[in-house]
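Student: Take a look and give me a structure for this.
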Amino acid sequence: MTIHRRISVMVVDDHPALRQGIIRMLRFEPDIDVVAEATHGRQAVALWPNHRPDVTLVDLMMPLMDGVETLERIRRIDPRARVLIFSSSESAADAARAEQAGACGYVTKEADAAAIVAAIREARAGGRHIRCGRLVGDPAAKIVPLTPREADVLALLRTGASNADIGRRLSISGVTVKTHIRGLMAKLDAPDRTAVVARAFDLGLLKAAPPERR
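Tutor: Numbering: from 1, shown residues only. Below is the predicted model:
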């Protein structure tokens, strides 16, 4: 049996209440370990070599050292470091600046918990250009038309349902489920099912409240 290692995360934010809220939220996830926290960029850079987290979630706007400089310095320590920018700014220009500096993604603080967790998982998996939440002036924003069945499959993917579960819930075969997932991956320009969920949040195809299980 394959044993998957949990995702180690460091959270960097100068607002104590927000930082602790994120940490509490992540500790409910069975595949995530919060291994360190920092109150500003300098502290994050000092702590990073001791923990070498899989993903570092960094606030964009911080005193002493902002998020972009923090990610640049961490990536000087290890160019493979995965840094996810977490920001109250909904500016597409800020997101582009972070990505140009080497961020593996950009999550706005208006994104819900499920979107943040999906972005962390995608970052660990090697994904890039994750943009969760509304970005003002984002030229990449587009309307993605889904069929009713694709929307049903997407809603169940959001809950973490397996292909077999989706097939049972929708009374369709496993082959049909895979076909719909491939269609979603193509329409959302996503490499896998985790990225499909993250991209769907980005485009507003999924809302904060998960679908109820019956």
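
Student: residue contacts, the nearest residue to Arg97 once chain neighbours are set aside?
Tutor: Nearest residue to Arg97, sequence neighbours excluded (CB to CB, 6 or more residues apart in numbering): Val68, at 6.3 Å. Using the backbone N, CA and C atoms, a C-beta is placed for each residue, glycine as well. Shown in contact with Val68 (CB atoms under 8 Å, 6 or more residues apart in numbering): Leu60, Ile85, Arg97, Ala98, Ala101, Ala103.

Student: tell me, how many neighbours does the fourth one end up with?
Tutor: Just to be clear, that refers to Ala98. Ala98: 24 surrounding residues under other CB atoms under 10 Å.

Student: Need the three-state assignment for it.
Tutor: helix (DSSP: H, G, I helix; E, B strand; the rest coil).

Student: what do you get for the second one?
Tutor: Reducing the assignment at Ile85 to three states with three-state DSSP gives strand.

Student: Confirm for me that it is in contact with Gln100.
Tutor: No - using CB atoms under 8 Å, Ile85 makes no contact with Gln100, being 11.4 Å away.

Student: Those two - which one has more neighbours?
Tutor: Ile85 (28 against 9).

Student: Give the pairing partners of the helix or strand where Leu57 lies; include direction for each.
Tutor: With secondary structure defined by DSSP states H and E, Leu57 is part of strand 55-59. Note on strand 55-59: by DSSP bridges, its sheet partners are strand 7-12 (parallel), strand 83-87 (parallel).

Student: quick one, which of those strands is packed in tightest?
Tutor: When the strands paired with strand 55-59 are scored by mean count of other CB atoms under 10 Å, the highest mean neighbour count falls to strand 83-87 (a mean of 25).

Student: Surely Val153 forms part of a helix?
Tutor: Yes - under three-state DSSP, Val153 falls within a helix.

Student: Now do the same contact list for it.
Tutor: Contacts of Val153 (CB under 8 Å, 6+ apart): Ile166, Leu170, Val177, His180, Ile181, Leu184.

Student: Kindly recompute the last result at 6 Å.
Tutor: Ile166, His180 (CB atoms under 6 Å, 6 or more residues apart in numbering).

Student: Could you chop this protein up by domain?
Tutor: If you go by automatic domain parsing, the domain ranges for the chain are 7-132, 148-202.

Student: Do you know the pLDDT at the residue at the greatest distance from the centre of the chain?
Tutor: Within the chain, the residue lying farthest from the chain centre (CA atoms, centre = their mean) is Ser171, at 30.3 Å. With respect to pLDDT, Ser171 scores 93.

Student: Pull up the gap between the residue nearest to Arg97 and Glu122, please.
Tutor: 20 Å (CB to CB, to the nearest Å).

Student: Which neighbouring elements make contact with the helix or strand where Glu37 lies?
Tutor: Element membership for Glu37 (DSSP H and E) is strand 32-38. In terms of contacts (3 or more CB pairs under 6 Å, 6 or more residues apart in numbering; DSSP states H and E), strand 32-38 is packed against strand 7-12, helix 16-26, helix 41-51.
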